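Chemist: Need coordinates for the below:
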Amino acid sequence: MGFFNIFSKEKKEDLDKGLDKTKETFFSKLSKAVVGKSKVDEEVLDELEEILITSDVGVDTTLRIIEKIEERVARDKYVSTSELNQVLREEVASLLEENNTVDYKDFEVPQQNEPYVIMVVGVNGVGKTTTIGKLAYQFKKKGKNVILGASDTFRAAAVDQLKIWSQRVDVPIVEQGMNADPASVAFDTLQSAKAKGADVVIIDTAGRLHNKVNLMNELSKIKRVMQKVIPDAPHEILLVLDGSTGQNAYEQAKQFSLATDINALAITKLDGTAKGGVVIGISDQFKIPVKYIGVGEGMEHLQVFNKHEFVDSLFKG
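Modeler: Take a look at the predicted model:
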């Protein structure tokens, strides 16, 4: 019961609506693949493989799913095309269970004596700043004291955008403007958070990948400096990915994983794309838990990822 109790009716409706484009495209293709066929055979599986890959599930993950269904067909001797949706649902659920065993509570952070520090990374344009604003809103709604740190000092717009979100959500922000030392901003933010007894600190960082060595050095420096204030910071390094970019999201996940120790993912803009399968593939390929998904523009539309509800919504057709 636990998984479904934390999911309100409104959140479920938002998730269903946010995945509409993915479902519409997926089931339209699936219906065409099985028309006139009564059982799942090699031809249906070939069609299904293509559908999953074009839904940005990813080649390796698609092959794993197809292999599981082939094993099931061989074991059961006969699987009808009318059962295919349910079989797919079960195999994808099994895959997510296997690769993403973390079940997060609804915008909760561990109880500890010091602020919980989240360092947010991701390229420009993926919705990084918006995700930070929505996170701040959700944590504040849960009664947490939140403070933001504007360590993306490479672009003036990044600092300005974060300031707008801090005003909108009504949470304090520490910023030193464009071209300031990102590590210095992070240091000041953590000091301020400790002095004010904050529960959650969210640090924005520069979103550029053109030089991975520089990125790695910068992120490492920010971490080292933060640890002078809070020894085990950051507790979470959250990579934000744009779900609508499909294969580009895979490449970004790969590059950032090489640059720093990512331990959580946020996948945004799922409502504007038919590429919702990217959530399944990225979870499977990188073994980094998807923690948040964006299913709309509103502040309420950033959700804690629940694999059971995601699969239920994705295959409701």
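Chemist: Next, the buried residues of the helix or strand where D284 lies.
Modeler: D284 is part of helix 278-286 when elements are defined by DSSP states H and E. Neighbour-count burial for helix 278-286 flags 278-286 (criterion: 16 or more other Cβ atoms under 10 Å). Every C-beta, even on glycine, is put in place using the N, C-alpha and C of the backbone.
Chemist: next one: stretch 284-295
Modeler: For stretch 284-295, by 16+ other Cβ under 10 Å, it's 284-286, 288-295.
Chemist: so which two of those are the farthest from each other?
Modeler: Q285 and V295 (21.8 Å; Cβ to Cβ).
Chemist: could I get the buried residues of helix 278-286 as TSV with pLDDT and distance to I262?
Modeler: Below are the buried residues of helix 278-286 laid out as TSV (pLDDT from 0 to 100; distance: Cβ to Cβ, whole Å):
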residue	pLDDT	distance to I262
V278	90	16
V279	90	16
I280	90	18
G281	90	16
I282	90	11
S283	85	13
D284	87	15
Q285	87	13
F286	86	8
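Chemist: out of the residues you listed, which one sits closest to V304?
Modeler: Closest to V304, out of all of the buried residues of helix 278-286 and judged by Cβ to Cβ, is V279, at 13.3 Å.
Chemist: Could you measure from that closest one over to Y292?
Modeler: Using Cβ to Cβ, to the nearest Å, V279 is found at 11 Å from Y292.
Chemist: which neighbours do those two share?
Modeler: Common contact partners of V279 and Y292 (Cβ atoms under 8 Å, 6 or more residues apart in numbering): 267, 305.
Chemist: For burial, what's the neighbour tally of the residue nearest to S80 when sequence neighbours are not counted?
Modeler: Excluding its sequence neighbours, the residue lying closest to S80 (Cβ to Cβ, 6 or more residues apart in numbering) is K39, at 5.7 Å. Using other Cβ atoms under 10 Å, K39 has 15 neighbouring residues.
Chemist: can you give me the strands in the stretch 101-250 of the chain?
Modeler: 116-121, 146-151, 173-174, 200-205, 236-242 (DSSP state E, counting those that start in this stretch).
Chemist: For the shortest one, what does the pLDDT average out to?
Modeler: Think strand 173-174. The average pLDDT for strand 173-174 rounds to 98.
Chemist: re earlier: chain center to the helix holding D284, what's the gap?
Modeler: Taking Cα atoms, centre = their mean, to the nearest Å, one finds helix 278-286 lying 10 Å from the centre of the chain it belongs to.
Chemist: Please report phi then psi for the residue nearest to S80.
Modeler: phi -130, psi 160 (degrees, to the nearest 10).
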